[in-house]
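Novice: Just a sequence and a predicted model for now, questions to come.
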Amino acid sequence: MKVLVIGAGNMGLTYAEGMASSTFLNRRKLMVYDVSPDKIVLLKDMGIFDVHEKLEDALPEADVIFLAVKPFHSEELFERMKPMMNEEQIAVSLMAGVTINRIQEGLGIKKVVRAMPNLPAQVGKGVTSYTESKEVSRVELLMVRNLLDTTGESIHVKNQNYIDASTGISGSGPAYVFYFMNSMLEAALKMGFSEHDSRVLVSQTFEGAVELFNQNDLSPTLWMDRVASKGGTTRAALDSMDDNNVKELIKEAAYAAFDRAVELGEES
Ligand SMILES: NC(=O)c1ccc[n+]([C@@H]2O[C@H](COP(=O)([O-])OP(=O)(O)OC[C@H]3O[C@@H](n4cnc5c(N)ncnc54)[C@H](OP(=O)(O)O)[C@@H]3O)[C@@H](O)[C@H]2O)c1
């Protein structure tokens, strides 16, 4: 099996690196293509991948093609790719909002997997949701799953509605966590901690809480109860959040991302 990654930006490079460092794929079977001459120099310097400056040299060789360009570049890319595609090739799209139907039409092929990754893939802690067109076989899907899992974990979803929904949870989600972290950092600075100490306080708090959460099946509410005692400091903070409707506002934000993903799909 030969894999081609098109677009070596944040996501494309992350997946290429994940696949290259896994035992699942022989490095020599991993091709990378990008339009940017600067990227090509950088990729060649890395000395890890089979780097291509010409799409014509790489595309016909590939069995699985990762599409990792920005959605607004997809149309021009599809136009270039279409004459070189064959019906056995599988396209794996990481592009937000570009539908399976649009990819099938654009590339003139049937086998498409649509995936929604997230940024922690860069440190091997990503979560990717994915779904496929009916022409992708079970064996092919398993193979794609193994490739996706090289950057973390993946979950299979039954249709594209869940891809848009997971955009609102895990795709955009890291930014919500950073938003929360940023608010706590600002509070720590205001209380007089140094930048360094604020960072340590906030980052260890997040890391420790997630580790506790992953230890067993306790719900976040039960964990909150373990930290908060009646009339205590944590309860004062949680009451303040409840009074300000923070929970509902966060849910609304996740839905805003979900709705925007649907909108982008309709535009595509
Ligand atoms: N970043 C995230 O957290 C995230 C999360 C979920 C999904 N995604 C999806 O992942 C995809 C990639 O995002 P990204 O953040 O990795 O983008 P990015 O950093 O901009 O990388 C895209 C790369 O593709 C290159 N490119 C543009 N047109 C091309 C073409 N026709 N052929 C080959 N290469 C081309 C770009 O070159 P230039 O810079 O010269 O244009 C750039 O190097 C997007 O569709 C996005 O929706 C990203």
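Specialist: In hand now; what should we look at?
Novice: Now that Ile250 has come up, it's in contact with Tyr179, right?
Specialist: No - the criterion here is CB atoms under 8 Å, and Ile250 misses it with Tyr179 at 9.3 Å. (Glycine included, C-beta is placed from N, CA and C.)
Novice: More neighbours: the two, which one.
Specialist: Neighbour totals were compared for Ile250 and Tyr179, and Ile250 leads with 14 against 11 (other CB atoms under 10 Å).
Novice: what secondary structure does the more buried one sit in?
Specialist: Under DSSP: H, G, I helix; E, B strand; the rest coil, Ile250 falls in the helix class.
Novice: Chain neighbours aside, what residue packs nearest to it?
Specialist: Setting aside the residues directly before and after it, Ile250 is nearest to Tyr176 in space (CB to CB, 6 or more residues apart in numbering), at 6.9 Å.
Novice: Show me what the helix or strand the one you found falls within is packed against.
Specialist: Assessed by DSSP states H and E, Tyr176 sits inside helix 173-190. Identification of packing neighbours for helix 173-190 by 3 or more CB pairs under 8 Å, 6 or more residues apart in numbering; DSSP states H and E yields helix 195-215, helix 246-267.
Novice: What is the last one packed up against?
Specialist: Applying 3+ CB pairs under 8 Å, 6+ apart, we find helix 246-267 packed against helix 160-166, helix 173-190.
Novice: hmm, 6 Å instead?
Specialist: Using 3 or more CB pairs under 6 Å, 6 or more residues apart in numbering; DSSP states H and E, the elements in contact with helix 246-267 are helix 160-166.
Novice: Indicate whether stretch 99-114 makes contact with the ligand.
Specialist: No - Stretch 99-114 lies apart from the ligand when judged by CB under 6 Å from any ligand atom; the minimum separation is 10.9 Å.
Novice: List of residues touching that stretch?
Specialist: The set of residues external to stretch 99-114 that reach it, using CB atoms under 6 Å, 6 or more residues apart in numbering, is 78, 81-82, 85, 87, 89-93, 130-133, 135-136, 144, 163, 265, 268.
Novice: Buried only: go through the residues you listed for me.
Specialist: For these, a burial check counting by 16 or more other CB atoms under 10 Å picks out 78, 81, 85, 89-93, 130-133, 136, 144, 163, 265, 268.
Novice: Which ones among those residues lie within strands?
Specialist: Cross-referencing those against strands under DSSP state E gives Ile90, Ala91, Val92, Ser93, Tyr130, Thr131, Glu132.
Novice: Indicate the residue of the chain located nearest to the ligand.
Specialist: Across the chain, the shortest distance to the ligand (CB to the nearest ligand atom) belongs to Gly9, at 1.7 Å.
Novice: What about the residue nearest to that residue when sequence neighbours are not counted, how many residues nearby?
Specialist: Computed as CB to CB, 6+ apart, the closest residue to Gly9 that is not its neighbour in sequence is Ala68, at 6.6 Å. Other residues near Ala68 number 24, with proximity taken as other CB under 10 Å.
Novice: Is it correct that Ala68 is in contact with Gly7?
Specialist: Yes - in this structure, Ala68 sits in contact with Gly7. The criterion is CB atoms under 6 Å, and the distance is 3.9 Å.
Novice: who in the chain is up against the ligand?
Specialist: Neighbours of the ligand within the chain, by CB under 6 Å from any ligand atom: 6-12, 33-36, 39, 68-71, 73, 76-77, 94-96, 117-119, 171.
Novice: can you do 5 Å?
Specialist: Within the chain, the positions lying close to the ligand (CB under 5 Å from any ligand atom) are 6-7, 9-11, 34-36, 39, 68-71, 73, 77, 94-96, 117, 119, 171.
Novice: Pull out the buried residues from these.
Specialist: So, by 16+ other CB under 10 Å, the buried ones in those are 6-7, 11, 34-35, 39, 68-69, 71, 77, 94-96, 117, 119, 171.
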